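> sharing a model that was predicted from the sequence below.
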Amino acid sequence: MGQIDYIVKSYDSEKEFLEVANLNNLKVYGNLEDTNNTYQIISFIGCDFAIAIAYYDCNLELQIKLNNNILFLGFERNFICINISSSEILYEKNTLSVIYEFLIVNHLLIVICELEVYVFSIDGKYIWTIGFIDIIEDFKVIDDTFLCIQCANEEEYRYDIYTGKYVGN
Amino acid sequence: MVLTLFEIARSVEGQSPELGRKLEYLFGNATGRQHNIARSKGNALDFASIGIDDTLANREYMTWYFQELLNDSSNILDVQYAFYTMKELPDKPVVGYLVTVRESILIGPDGGIKLITYWDGDRLMTVIPKVGSNK
């Protein structure tokens, strides 16, 4: 993972951000009509690819994972999977709730959001998802096989990460 | 009669909001992993920026605010299907429920912020405060 290095440059204002994005002919991801507080351009070293993103960070960190040429990005409620060699968007989704963290387990990418979980293969194919009726408060992967979720209402769930099948508490 | 998702979402009018421990989440007192704590602290900072600190009076104000929010269908931004595991039932089926997303302005003594709230009927699920940005 992560053979290609990247640089994240943040901009203080939307105006400056858009000037740079337009100058470099970059597509902007995120919703410019909404209230945003973070404007970033991510450039990938050694390949001719960069991406501009605008979002409200909700006090959470940008999630970024690279697997060979497949880029996974998570910011606010935006999940994007792009082949940076071809610039092809493999998957793009507005998640229901804000994105917390990306986990890599074997050949899977697990996207932990505040109220739901998505699982993709590391080549960008959607596999399964599940929601929760309260905020995810804790999570862990056991034996590279089970995803355990604990919600704020103290309910616990355990899923087979490969199939999404519920297997107990 | 077939109800639209928005009509179903509006059916909670007149009910009281079920807040659970969500005021703790709003005012920076969440527990759990770093994400929850960071989100919760961020919420508290955003509320404090408009003069709504964690006081008894402000908790009462926020409870009143959510009551008003729930009873105003004009703030419904979106209604989405979501799915969860109903583990109380045999075979643990995945069942659908509706998440109503509401957008409003919260006014405090020192200003206002946009508030995106997520509801399962009258139950508050989570909140995203958005402070105006540098355009």
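Perfect, I can see it now. Numbers count the residues shown, from 1 in each chain, chains lettered A, B, ... in the order given.
> when you work out contacts or count neighbours from here on, use the C-alpha atoms and nothing else.
Will do.
> point to the residue nearest the middle of the chain.
No chain in the question, so chain A it is. The centroid of chain A falls nearest to A:Gly74 when counting by C-alpha atoms, centre = their mean (2.4 Å).
> let's do chain B instead
Note: chain B centre (C-alpha atoms, centre = their mean) maps to B:Thr117, 3.3 Å.
> so B:Phe66, which of the three states?
helix (DSSP: H, G, I helix; E, B strand; the rest coil).
> since we're on the residue nearest to B:Leu98 when sequence neighbours are not counted, how many residues are nearby?
Counting by C-alpha to C-alpha, 6 or more residues apart in numbering or on different chains, the nearest residue to B:Leu98 once its immediate chain neighbours are dropped is B:Tyr81, at 4.8 Å. For B:Tyr81, the count of nearby residues is 13 (other C-alpha atoms under 10 Å in any protein chain shown).
> now do B:Tyr81, the pLDDT please.
We have a pLDDT of 89 for B:Tyr81.
> helix/strand/coil for it?
With three-state DSSP as the criterion, B:Tyr81 reads strand.
> which ones are touching it?
Shown in contact with B:Tyr81 (C-alpha atoms under 8 Å, 6 or more residues apart in numbering or on different chains): B:Gly96, B:Tyr97, B:Leu98, B:Val99.
> on the three-state scheme, the residue nearest to the centre of chain B is what?
Per three-state DSSP, B:Thr117 ends up strand.
> which phi and psi does B:Glu103 have?
Per-residue torsions, B:Glu103: phi -120, psi 130 (degrees, to the nearest 10).
> how close does it get to B:Val127?
B:Glu103 sits 10 Å away from B:Val127, going by C-alpha to C-alpha, to the nearest Å.
> shared neighbours, those two?
B:Leu115, B:Ile116, B:Thr117.
> nearest to A:Lys165 among these?
For the shared contacts of B:Glu103 and B:Val127, the closest approach to A:Lys165 (C-alpha to C-alpha) belongs to B:Thr117, at 29.7 Å.
> pretty sure that closest one is touching B:Arg123, no?
No - applying C-alpha atoms under 8 Å, one finds B:Thr117 not in contact with B:Arg123, separated by 10.5 Å.
> still on that earlier bit, what about the residue nearest to the centre of chain A, which helix or strand?
strand A:70-75 (DSSP states H and E).
> show me what that strand is packed against.
strand A:63-67, strand A:78-83, strand A:99-105 (3 or more C-alpha pairs under 8 Å, 6 or more residues apart in numbering or on different chains; DSSP states H and E).
> how about a cut-off of 7 Å?
Applying 3 or more C-alpha pairs under 7 Å, 6 or more residues apart in numbering or on different chains; DSSP states H and E, we find strand A:70-75 packed against strand A:63-67, strand A:78-83.
> select from the contacts of B:Tyr81 the one having the most neighbours.
Counting by other C-alpha under 10 Å, B:Val99 has the largest number of neighbours within these, with 24 neighbours.
> quick one: it is in a strand?
Yes - according to three-state DSSP, B:Val99 belongs to a strand.
> quick one: mean pLDDT for stretch B:51-61?
96.
> that stretch: how far from the chain's middle?
Distance of stretch B:51-61 from its chain centroid, counting by C-alpha atoms, centre = their mean, to the nearest Å, is 16 Å.
> just to revisit the earlier point, can you give me the angle the strand holding A:Gly74 makes with strand A:78-83?
Angle between the axes of strand A:70-75 and strand A:78-83 is 170 degrees (criterion: axes from the mean of the first three to the mean of the last three C-alpha atoms, to 10 degrees).
> if you rank every helix and strand of chain B by mean pLDDT, what lands last?
helix B:5-10 (a mean of 67; mean pLDDT, DSSP states H and E).
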